[in-house]
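>>> here is the input, now give the coordinates:
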Amino acid sequence: MEALERLRRLCLALPEVTERLSHGEPTWFVRGKKTFVTSADHHHDDRTAFWCAAGPGVQETLVAQDPEKYFRPPYVGHRGWLGVYLDVPLDWDVVADLVEDAYRVIAPKTLVAQLDASSCRPD
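Alright, predicted model coming up:
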């Protein structure tokens with residue numbers, strides 16, 4: 001399965017997530033308002049990637065540990081968002097965790113509680 005399609009499935013499996021284009025890229029929103037993941041297909045270079053919200057210190061830790069997979073994205077990196085390259089071998093369980101964590105950072109508590117009460121992760 002293509003990386004973007006796998007990413008899409010992960011995002012859309014979460015409660016009240018919608019997808020639409022933003023700045024020409026597929027982007028996923030909580031309740032149609034707040035972005036938590038956006039695709040970045042050759043946005044500033046020749047790489048395919050996605051950007052996602054991340055908790056305090058996550059961006060710095062992952063970029064320092066594995067700069068071949070993770071980066072500080074433009075525009076939102078200063079807010080702690082994480083860039084993840086999609087054109088390298090990835091552990092999709094880790095990607096699923098990053099997407100879920102991004103959702104938890106952005107979603108209201110009621111939706112996080114709904115997520116905790118269910119198993120929304122696709123196969």
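>>> quick one: residue 114 and residue 99, what's the gap?
Going from residue 114 to residue 99 by C-beta to C-beta, to the nearest Å gives 16 Å. No exception for glycine: its C-beta is placed from N, CA and C like everyone else's.
>>> the two: which is more packed in?
Shown here are residue 114 and residue 99; by other C-beta atoms under 10 Å, residue 99 has more neighbours (26 against 15).
>>> got the phi/psi numbers for that one?
The phi/psi pair for residue 99 (degrees, to the nearest 10) reads phi -60, psi -50.
>>> just residue 107 next, same as before
Torsion angles, degrees, to the nearest 10, at residue 107: phi -70, psi 150.
>>> setting aside sequence neighbours, what's the nearest residue to it?
residue 30 (4.7 Å; C-beta to C-beta, 6 or more residues apart in numbering).
>>> who touches the helix or strand where residue 98 lies?
Counting by DSSP states H and E, the element that carries residue 98 is helix 92-106. Residues outside helix 92-106 that contact it (C-beta atoms under 8 Å, 6 or more residues apart in numbering) are 6-7, 10-11, 14, 17, 30, 34-37, 52-55, 58, 82, 84, 111-112, 115, 121.
>>> now the buried members of these.
6-7, 10-11, 14, 17, 30, 35-37, 52-54, 58, 82, 84, 111-112, 115 (16 or more other C-beta atoms under 10 Å).
>>> show me these that map onto helices.
6-7, 10-11, 58, 111-112, 115 (DSSP state H).
>>> residue 78: which of those residues is nearest?
residue 58 (14.1 Å; C-beta to C-beta).
>>> make CSV from the ones in helices among the buried ones among the contacts of helix 92-106 and add distance to residue 65 and pLDDT to it.
Below are these laid out as CSV (distance: C-beta to C-beta, whole Å; pLDDT from 0 to 100):
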residue, distance to residue 65, pLDDT
6, 22, 96
7, 21, 97
10, 21, 97
11, 24, 97
58, 11, 97
111, 30, 95
112, 26, 94
115, 26, 91
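>>> can you name every helix or strand that the strand of greatest length in the chain contacts?
Ordering each strand of the chain by length in residues (DSSP state E) puts strand 34-41 first. For strand 34-41, the elements it packs on are helix 3-12, strand 17-22, strand 25-30, strand 48-52, helix 92-106, judged by 3 or more C-beta pairs under 8 Å, 6 or more residues apart in numbering; DSSP states H and E.
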